[in-house]
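[1] any chance you could fold what I've pasted below:
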Amino acid sequence: MVEFRIDRRSGVATYLQIVQQVKQALRLGVLVEGDRLPTAAQVAASTRVNPNTTLKAYRELEREGLVEPRPGVGTFVSRSMTLMPSQDGERLSVELASWMEEARAAGFEREDVRALMNATLDERFPAEPG
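    Numbering: from 1, shown residues only. The predicted model follows:
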């Protein structure tokens, strides 16, 4: 099950952080089709987020076709987003972890690493127009 982490200093709306974390879990295969998401009350208890915020995030995920609510039962993943073959994903994860250790040893802070990764991501994977 996914455990949400809310960064109140990020400048990103709380519901969008939940949406992004669900999508990340789907891409990494942590969540797969048929998995049940935590209830709004469970998310509220673990993150101190208003249950309505979680419901807003779940409605956005539903709008995108990623989850489906089942009244009285919960919210379930309706579509997987895992795109990377597990062997390639594992290899790349190990390489990225090694790179991050090098960055830490070189004195980079978390936000320095994030800025460098975002700049490189934008350069190598430009956003599609529109």
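[2] switch to C-alpha atoms for all contacts and neighbour counts from now on
    Will do.
[3] so if we follow the domain assignment, how does the chain break up?
    As assigned by automatic domain parsing, the chain contains the domains 14-77, 86-124.
[4] for the helix or strand containing residue 94, what is the distance to the chain centroid?
    Using DSSP states H and E, residue 94 sits in helix 86-105. The chain centre lies 18 Å from the centre of helix 86-105; the measure is Cα atoms, centre = their mean, to the nearest Å.
[5] who's in contact with it?
    The contact list for helix 86-105 (Cα atoms under 8 Å, 6 or more residues apart in numbering) reads residue 113.
[6] same thing with stretch 36-45?
    With contact meaning Cα under 8 Å, 6+ apart, stretch 36-45 is reached by 1-2, 4, 49-52, 54-55, 74-77.
[7] that one: how far from the chain's middle?
    16 Å.
[8] how long is that stretch end to end?
    17 Å (Cα to Cα, to the nearest Å).
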